[in-house]
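> Model the structure of this input:
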Amino acid sequence: MRIIETVAEMQAFSREARREGKSISLVPTMGFLHEGHASLMIEGKKRADILVTSIFVNPTQFGPTEDFDAYPRDLARDRNVAETAGVDIIFAPKASDMYPRGFQTYVNVEELTLPLCGASRPGHFQGVTTVVAKLLNIVMPHVALFGKKDFQQLAVIRRMAADLNMDVEIVGMPIVREADGLAMSSRNAYLGPEERRNALCLSRALATARDLFLDGERSVGTLRDRVLRVIGEVSGAVIDYADFRDGDTLEAVETANGRTLIALAVKIGTTRLIDNCILGEEQ
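This next block holds a predicted model:
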């Protein structure tokens, strides 16, 4: 496994690989890798000759009061996870290389970024789409893989790639969960023991709503009430949103169907966690 730290070297590598007729897959990450990331890498290895994983804590997607400085970082640990998963190249650029002095160009997807995390984290998705567009231009992958835990992010990136005629396949991969149901996330490292137990209210709420749906309940009002009740039973859990959306357009819905998305953002202590499910999909 090779580590590349500059944009110029990464582009040169990818250009040469493409000239040789090799295919490239990309798994973009912010590091502090876990089994969820590894599942993307393992699939990426199957889909191309060369697997690239980027590790870059992107400053432009963090708000001024968010956890950029505290975001967990451990490159040595990440190297072990990546190598075990079959990564060929780790691309770990510096912020000064990705956003050099004078940088002033950003990518903005409009309607899809308005609800959910876009409403509570202004500017977040502009940072996401800009850095992903840059990574796609630098690495030049044939396929890029993203986790469905960040469901809105996946939808926004798919829209960007389609609207800008990017020659890359965007693949969404299933959420990977701990044995007790907690969705894997780098931010889980912030949770103390009691907070870790309390965080299970997200997956419990999703499971409760999904069971009601499978039993025939279609009223979003009723399903939302049950979701709020489950989360409300946990002391100190603060709901950012508990929303029901069309799984394709992210438009609000009042009647649930098999393509209805339940999206949650809940603060447990000081840690903001997200989770989701599509009601009609097997979990």
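
> For the rest of this, base every contact and every neighbour count on C-alpha atoms.
Will do.

> other SSEs contacting the strand or helix carrying residue 225?
Using DSSP states H and E, the element containing residue 225 is helix 220-232. Helices and strands touching helix 220-232, as assessed by 3 or more Cα pairs under 8 Å, 6 or more residues apart in numbering; DSSP states H and E, comprise helix 201-214, strand 237-246.

> In CSV: those, plus mean neighbour count, mean pLDDT and distance to residue 274.
Conversion of those to CSV gives the following (neighbours: other Cα atoms under 10 Å; pLDDT from 0 to 100; distance: least, Cα to Cα, whole Å):
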stretch, mean neighbour count, mean pLDDT, distance to residue 274
helix 201-214, 20, 98, 8
strand 237-246, 20, 98, 9
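
> need the ones you listed in CSV with distance to residue 162, can you?
As requested, the helices and strands packed on helix 220-232 are exported to CSV (distance: least, Cα to Cα, whole Å):
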stretch, distance to residue 162
helix 201-214, 30
strand 237-246, 19
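
> Which one of the ones you listed lies nearest to residue 130?
In terms of Cα to Cα, the element of the helices and strands packed on helix 220-232 nearest to residue 130 is strand 237-246, at 24.8 Å.

> how about the strands of the stretch 101-250 of the chain, start to end?
For the stretch 101-250 of the chain, the strands defined by DSSP state E, counting those that start in this stretch cover 143-147, 169-173, 237-246.

> now these in JSON lines, with distance to residue 278?
As requested, these are exported to JSON lines (distance: least, Cα to Cα, whole Å):
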{"stretch": "strand 143-147", "distance to residue 278": "14"}
{"stretch": "strand 169-173", "distance to residue 278": "13"}
{"stretch": "strand 237-246", "distance to residue 278": "9"}
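
> Can I get stretch 33-50 as PDB, trimmed to CA atoms?
What follows is stretch 33-50 as a C-alpha-only set of coordinates in PDB (Å, rounded to 0.1, in the frame of the first residue of the first chain):
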ATOM      1  CA  LEU A  33     -11.800   4.300  10.000                       C
ATOM      2  CA  HIS A  34     -14.100   1.600  11.200                       C
ATOM      3  CA  GLU A  35     -15.800  -1.500   9.800                       C
ATOM      4  CA  GLY A  36     -18.300   0.600   7.900                       C
ATOM      5  CA  HIS A  37     -15.500   2.200   6.000                       C
ATOM      6  CA  ALA A  38     -13.900  -1.200   5.500                       C
ATOM      7  CA  SER A  39     -17.100  -2.600   3.900                       C
ATOM      8  CA  LEU A  40     -16.900   0.200   1.300                       C
ATOM      9  CA  MET A  41     -13.200  -0.600   0.600                       C
ATOM     10  CA  ILE A  42     -13.800  -4.300   0.300                       C
ATOM     11  CA  GLU A  43     -16.600  -3.600  -2.300                       C
ATOM     12  CA  GLY A  44     -14.400  -1.000  -4.000                       C
ATOM     13  CA  LYS A  45     -11.600  -3.600  -4.400                       C
ATOM     14  CA  LYS A  46     -14.100  -5.900  -6.200                       C
ATOM     15  CA  ARG A  47     -15.100  -3.200  -8.600                       C
ATOM     16  CA  ALA A  48     -11.800  -1.900 -10.000                       C
ATOM     17  CA  ASP A  49      -8.100  -2.800 -10.500                       C
ATOM     18  CA  ILE A  50      -6.900  -0.100  -8.100                       C
END
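
> which residues are contacting that stretch?
For stretch 33-50, the surrounding residues in contact (Cα atoms under 8 Å, 6 or more residues apart in numbering) are 22-27, 29, 51, 53, 77-78, 81-82, 85-89, 142-147, 173, 175-177, 184-186.
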